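Asks: sequence and predicted structure below; questions after.
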Number of protein chains: 2
Amino acid sequence: LSRIDEAIRRELRMAVGDAPILDRVPSHYLRDETEARGLNGEADAVALPATAEEAQTIVAWCYGHDVPIIPRGGGTGFSGGAVPIGGGVVLSTERLRAVRSFDPLLWRMNVEAGRTTAEVRQLARESGLLFPPDPGGGEQSQIGGNIATNAGGPHAFKYGVTGHWITGLEVIVAPGELISLGGAQRKDVAGYDLISLLVGSEGTLGLITAAWLRLMPAPASSAPVVAFYTEIDSGCEAIERVLGYGIPVAALEYLDPTTVELATAGFRADAPPGSFMVIAEVDGSAEEVVYRREELIGALQEDALSIYAPLEGAEIAALWQWREGVSLVVQAVRGGKVSEDIAVPVDRLGQAIKRTLEIGQIFGLRACSWGHAGDGNLHSTFMIDPASSEDVQAATEAARALFAVAIDLGGTVSGEHGVGLVKGGQLARQWQPAGLRLHERVKHALDPKGLFNPGKKLARP
Amino acid sequence: LSRIDEAIRRELRMAVGDAPILDRVPSHYLRDETEARGLNGEADAVALPATAEEAQTIVAWCYGHDVPIIPRGGGTGFSGGAVPIGGGVVLSTERLRAVRSFDPLLWRMNVEAGRTTAEVRQLARESGLLFPPDPGGGEQSQIGGNIATNAGGPHAFKYGVTGHWITGLEVIVAPGELISLGGAQRKDVAGYDLISLLVGSEGTLGLITAAWLRLMPAPASSAPVVAFYTEIDSGCEAIERVLGYGIPVAALEYLDPTTVELATAGFRADAPPGSFMVIAEVDGSAEEVVYRREELIGALQEDALSIYAPLEGAEIAALWQWREGVSLVVQAVRGGKVSEDIAVPVDRLGQAIKRTLEIGQIFGLRACSWGHAGDGNLHSTFMIDPASSEDVQAATEAARALFAVAIDLGGTVSGEHGVGLVKGGQLARQWQPAGLRLHERVKHALDPKGLFNPGKKLARP
């Protein structure tokens, strides 16, 4: 792979115009949320195309010159997927912000990759529509990055992950061609499902420049019910009761006792000390929410220490805002954290929560977890001082032990954050060799030179 | 590609045991629903494995001997995807019928490929759950075939196509390895989304032996509203009104005036002659359905000639049974039909319906269409005498003209039936060359010898 020297940087500038190429790389383009575990990259340049065609020119130039392309959205990833390693051009989609079309009466939007998730959701909401995926960090994360990682979030339980809402992609593929797959039509089986292949590929198969989003009528109302339990087991039983009762909850979250203890300060109601917390939410019409909420309280109140079920909009918004802040609060405890998004079958959730704590003890790190209980998706977290190389080392080993647990419980090393750099090679423990070969063949088929986000989403160590 | 002679057939038998290999191939293994347009195939043998391991042995043997493998489910396809061309071994999944696990309290099922769609749906329903995909022919079609074609159906509008409900696959890939992808966990981004790649790949990338299905609580109630309009335009306006009003309908179907005229005999209410029919359905709790139904009537009644809105369970079931029979009734008119499942953006539906009729006129064939209006998915149909080679030829040309219309309107040549044999090469008109190359590279990456269902789902002529 080539490094860019001054001469070819001039050539790149000539190819695409002066404005969008920065060769003094601002440091924030070299990291993402994994900074809290000490990850920093290096790059030769940052490209800031304003149109898909400019982006195409840049990718074609890079591909032709054997220069790596590191696609970058909002930089809110937890896996180092956007961290450039070993140089190359960081291609940021931040200026690709056009809403190419929005047809609220037809429940669809065509938007460029650089719009933030919050903007997309807000635009839909203003027309009474919902774009359901709600990963955290929506003010900063971009829709292109959400697609590239197939981002989830609390409401993915009912509504599915980002990929479920994509009907078309515009993407730049090797050696630098801009193609459209799908579009405004809602069904399409005319070719292999390359859209789904690109969704979640973390920039390793191509660069997404725009997408057609499917929208739905926004539910008129929603109501969360929060319940506290004395221990992990009774909390997990409550979670399974919600499913067993057949309540179509929109979200079904949990926080383990340590997380509750750390994050309780900003919480509006009393959280019993040392308790396990479940947040479930029903949505729908106002009438439906009234009786679904009662059903939900019925399912959750057995064994519960207390129940908190706000009805006012402001209080509900505050609850979810508090929930989104949990990650930062936990990080603040020691200044850094290693947090892994393993997912397991929902009946293994309790085991996964307990084994997270055991691993923390083994490696001498304070541990906790919270996450999307209904999807069996944990954020298993080890708190560290990022300046302590001992801590970083221990957390890295703890994360590896955690991945083994996820696989042992019939789950996955990544439910929603992706592989990026930090889970590189872990798939080798999860899939059989023949599956790994297919993973690698797909990569080679779409990116024969290996220039799209090199070193990321690797199947084998 | 090798033909099987007697000597190697013996070898195949020795490899897998005597029972499951038929060399006198019963004729029904050589065709699917495209028989009505004259398609019949040829094969050297039919393999009927009873376990995934037996299937693996057969595939490995075929792959090692350069013998084509033609996966076969229930044979209800409309694209010739299961029709063997040029010999090889038809591998039928009909004996792979085990329900490996069913956890109704956890909303999931692990089932082998040969269970019929109706059985899967029935099993779920008995526990108060719904497996939403409802393509036609459920009594005969198998879940493996539904997955291999990413089958749709009326309720895909609200609930998505088959692929949305798959969390794991067991699949035999080249050169004959049995692998698992995903499983009971509901989220997984640890590898490229090979599950979605195999979904809809029509047996050309591997053979599906089992799947993990996601289920949901069955809505307690549903209510269809049928409305009739004087013309296509006012009918399509009504369809757009349903969306524009933000009514979260579960299904949104249409039948054009010719279809209504042909199929009206078994219909329970009066269908105004020459009218365009819309069938919409709301579902949810009993209370919700009551007021959603009123909303729906409100959206549909403007310009409507009449409204039929049955409330009784038996009447509702009869309506949907009648709807499912439409295809056969139309086929009976002349003994055969060529019916293509193009899909367009929903605002282009009216144009696609009219152009279907124009194409029929140009080629001297009686034409009609019906389908999944909310998804912009037509079944554009030309009625033929299957014994008339003139008719068959005219219908083939009419279908080509129709594909051009679909693409011209920003849509796809296949919304739910797949490419199979009959739409082979049409993708070349829909995708840019770089996209076609990726389609072919993916095929080569997964099936380097080209032995999985050869001649199917081809991107180029």
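Replies: That came in fine, so what should we check first? Residues are numbered from 1 along each chain as shown, chains lettered A, B, ... in the order given.
Asks: how many neighbours does the closest residue to chain B within the stretch 251-400 of chain A have?
Replies: With CB to the nearest CB, the shortest gap between the stretch 251-400 of chain A and chain B falls at A:Pro345, namely 3.8 Å. Every C-beta, even on glycine, is put in place using the N, C-alpha and C of the backbone. Counted with other CB atoms under 10 Å in any protein chain shown, residues neighbouring A:Pro345 total 20.
Asks: quickly list what the residue nearest to A:Glu231 when sequence neighbours are not counted is bridged to.
Replies: Nearest residue to A:Glu231, sequence neighbours excluded (CB to CB, 6 or more residues apart in numbering or on different chains): A:Phe276, at 6.2 Å. The partner list for A:Phe276 in beta bridges (DSSP bridges) reads A:Tyr229.
Asks: what residues does A:Phe276 make contact with?
Replies: The contact partners of A:Phe276, by CB atoms under 8 Å, 6 or more residues apart in numbering or on different chains, come to A:228-232, A:234-235, A:254-257, A:260.
Asks: how many residues are close by the closest residue in space to the residue of the stretch 251-400 of chain A closest to chain B that isn't next to it in sequence?
Replies: Of all residues beyond its chain neighbours, the one nearest A:Pro345 is B:Ala184 (3.8 Å), with distances taken as CB to CB, 6+ apart. For B:Ala184, the neighbour count with other CB under 10 Å is 23.
Asks: check A:Ser101 too.
Replies: Number of residues near A:Ser101 (other CB under 10 Å) recorded here: 12.
Asks: surely it meets A:Asn110?
Replies: Yes - in this structure A:Ser101 lies within contact range of A:Asn110 using CB atoms under 8 Å: 4.5 Å.
Asks: give me the distance between the residue of the stretch 251-400 of chain A closest to chain B and B:Val120.
Replies: Distance of A:Pro345 to B:Val120, computed by CB to CB, to the nearest Å: 19 Å.
Asks: next: A:Gly425.
Replies: A:Gly425 is 37 Å from B:Val120, by CB to CB.
Asks: ok, those two, which is more surrounded?
Replies: Neighbour totals were compared for A:Gly425 and B:Val120, and B:Val120 leads with 23 against 13 (other CB under 10 Å).
Asks: where does the more buried one sit, in terms of helix or strand?
Replies: Assigned by DSSP states H and E, B:Val120 belongs to helix B:117-126.
Asks: return the distance of that helix from the chain's centre.
Replies: Put simply, helix B:117-126 sits 18 Å off its chain's centre (CA atoms, centre = their mean, to the nearest Å).
Asks: go on, stretch A:45-64?
Replies: Stretch A:45-64 has its C-alpha centroid displaced from the chain centroid by 25 Å (CA atoms, centre = their mean).
Asks: now that stretch: mean pLDDT?
Replies: Stretch A:45-64 shows a mean pLDDT of 94.
Asks: dump the C-alpha coordinates for that stretch into CSV.
Replies: The C-alpha trace of stretch A:45-64 is given here as CSV (Å, rounded to 0.1, in the frame of the first residue of the first chain):
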residue,chain,number,x,y,z
ALA,A,45,-4.8,13.2,4.2
VAL,A,46,-8.5,13.9,4.9
ALA,A,47,-10.8,14.3,1.9
LEU,A,48,-14.1,16.2,2.4
PRO,A,49,-16.1,15.7,-0.8
ALA,A,50,-19.2,17.8,-1.1
THR,A,51,-20.9,15.5,-3.7
ALA,A,52,-21.0,11.8,-4.5
GLU,A,53,-19.2,12.6,-7.7
GLU,A,54,-16.3,14.2,-5.9
ALA,A,55,-16.2,11.3,-3.6
GLN,A,56,-16.1,9.0,-6.5
THR,A,57,-13.2,10.9,-8.1
ILE,A,58,-11.3,10.6,-4.8
VAL,A,59,-11.9,6.9,-4.4
ALA,A,60,-11.0,6.2,-8.0
TRP,A,61,-7.8,8.1,-7.6
CYS,A,62,-6.9,6.3,-4.4
TYR,A,63,-7.8,2.9,-5.8
GLY,A,64,-5.7,3.6,-8.9
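Asks: nearest to chain B within the stretch 51-200 of chain A, name that residue for me.
Replies: Nearest residue of the stretch 51-200 of chain A to chain B: A:Ser196, at 3.3 Å (CB to the nearest CB).
Asks: which SS class is that residue?
Replies: The local conformation at A:Ser196, judged by DSSP: H, G, I helix; E, B strand; the rest coil, is helix.
Asks: tell me, how many residues neighbour it?
Replies: Per other CB under 10 Å, the neighbour tally for A:Ser196 reads 24.
Asks: what's in contact with the helix or strand of chain A with the lowest mean pLDDT?
Replies: One helix or strand of chain A scores below all others by mean pLDDT, DSSP states H and E: helix A:6-16, with a mean of 79. Residues from elsewhere that reach helix A:6-16 (CB under 8 Å, 6+ apart): A:2, A:4, A:21, A:23, A:44-45, A:47, A:49, A:54, A:57-58, A:61-62, A:65, A:67, A:89.
Asks: up against chain B, what does the stretch 301-450 of chain A have?
Replies: For the stretch 301-450 of chain A, the residues in contact with chain B (CB under 8 Å from any CB of the partner chain) are A:343-347, A:372, A:374-377, A:410-419, A:423, A:426-427, A:430-432, A:434-435, A:438-439, A:441-446.
Asks: pLDDT score assigned to the residue nearest to A:Glu231?
Replies: What the model reports as pLDDT for A:Phe276 is 98.
Asks: please tell me how far A:Glu177 sits from B:Trp431.
Replies: The spacing between A:Glu177 and B:Trp431, counted by CB to CB, is 11 Å.
Asks: the two: which is more packed in?
Replies: For A:Glu177 versus B:Trp431, the count of surrounding residues by other CB under 10 Å is larger for B:Trp431: 23 against 19.
Asks: remind me which helix or strand A:Ala332 belongs to.
Replies: Using DSSP H and E, A:Ala332 falls within helix A:313-334.
Asks: also A:Ala280?
Replies: Taking DSSP H and E as the definition, A:Ala280 sits inside strand A:276-284.
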